[in-house]
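A.B. asks: Sequence and predicted structure, then a few things I'm wondering about:
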Amino acid sequence: MAHAVRFHETGGPSVLTWEEVAVGDPGPGEVRVRHEAVGLNFADTYFRTGLYPARLPDGIGVEAAGVVEAVGAGVTDVAEGDRVTYTGSPLGAYSTERVMPAAHLVKLPPEIDCETAAAMTMRGLTAAYLLRRIHPLKPGDTVLLHAAAGGVGLIVSQWAALLGIRVIGTVSTEEKAEIARAHGCAHVLLHRRDDVAERVRELTGGAGVPLVLDGIGKDTFAGSLGSLARRGLLVCFGTASGPVPPIDAMQLALAGSVFVTRPALADYIADPAERAALAGELFAHVSSGRVRIAVNQRYALPDAARAHRDLEAGRTTGSSVFVV
């Protein structure tokens, strides 16, 4: 019998329950996937707490990799036995198997195993749009990257180095600083100790950076804004510490006519052609070893509550997966 992690009310990690579920046959345009690994992402906690809406009771999780076991009518892009990965709605990735829309699946190249795929699909595609779509970066540019030792951060740092882009990373501990340096960060700051904006100005000759990639949110917002060069862009792509404070438009003018955006991965992979292009570039870097995926924590699916506690307490580095 199939099992899944579900939640019937929003709240802390204790609302997550391990349940037996019925998984039927796929309908038109659908497939049944048997999971081999499931990704653990901060976005999962947003659904659990109610920051992101969910129709309760519901499953949880937006990323997994596994094998197609059955296909419904009209499905032509994948076949039974294909190894696939995915990220995005509908919720329900924390499961041993599930039926889902075939259009969300991406076939895996033979060089990438399911555990690596579950650790990198959401984070890797996020890194891809941050570096390849959201701002016209060029070799020699410097960017500020918060949470540089996290799953997205380690991929961005390595990929940026391939593009000739210097990364100033921020982390919370000296241990994480060593990890960030080992993955390509030119400079690493401790955001709870250092005056980040002041240090960024020192490292850039007073100019600031053209781009800040901030997945932390409330706690780093002021430092991010203060680190921007004139007409720079602050990308708030996550809220690990809470939502960013309300923005007064005059703040942006006084900071140097800067820009702030809050993008969502879904809008950069909605077009199948763009998703394929971003995934293809990501897979090529990982398959060749140019970008290494650090799977530093592994959990069993019934231990989802513990995994969420570790994630929210900042006890994880790199990527975390559930091994099914």
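C.D. replies: That came in fine, so what should we check first?

A.B. asks: Spatially nearest residue to P26, not counting backbone neighbours?
C.D. replies: Using C-beta to C-beta, 6 or more residues apart in numbering and skipping residues adjacent in sequence, the residue nearest P26 is G72, 3.7 Å away. Every residue, glycine included, has its C-beta placed from N, CA and C.

A.B. asks: One more: N41?
C.D. replies: M122 (5.5 Å).

A.B. asks: and what of S241?
C.D. replies: Here the residue nearest S241, using C-beta to C-beta, 6+ apart, is D219, at 3.9 Å.

A.B. asks: quick one, what contacts V260?
C.D. replies: 225, 233-234, 236, 247, 252 (C-beta atoms under 8 Å, 6 or more residues apart in numbering).

A.B. asks: ok so, going back, does the residue nearest to S241 count as helix, strand or coil?
C.D. replies: helix (DSSP: H, G, I helix; E, B strand; the rest coil).

A.B. asks: quick one, helices of the chain?
C.D. replies: 42-49, 114-132, 151-162, 174-182, 196-203, 221-227, 249-254, 266-269, 272-288, 304-312 (DSSP state H).

A.B. asks: between the fourth one and helix 151-162, how big is the angle?
C.D. replies: Between helix 174-182 and helix 151-162, the angle comes out at 30 degrees (axes from the mean of the first three to the mean of the last three C-alpha atoms, to 10 degrees).

A.B. asks: helices or strands up against helix 174-182?
C.D. replies: helix 151-162, strand 166-171, strand 187-190 (3 or more C-beta pairs under 8 Å, 6 or more residues apart in numbering; DSSP states H and E).

A.B. asks: Can you say which of those is nearest to V295?
C.D. replies: Nearest to V295, of all those, is helix 151-162, at 9.2 Å by C-beta to C-beta.

A.B. asks: rewinding a little: report the separation between the residue nearest to P26 and A2.
C.D. replies: Counting by C-beta to C-beta, to the nearest Å, the gap from G72 to A2 is 17 Å.

A.B. asks: what's stretch 76-92 in contact with?
C.D. replies: If you take C-beta under 8 Å, 6+ apart as the criterion, stretch 76-92 is touched by 4, 31, 33, 39, 47, 54, 58-71, 93, 98, 100-108, 114, 117-118, 121-122, 125, 265-266, 269.
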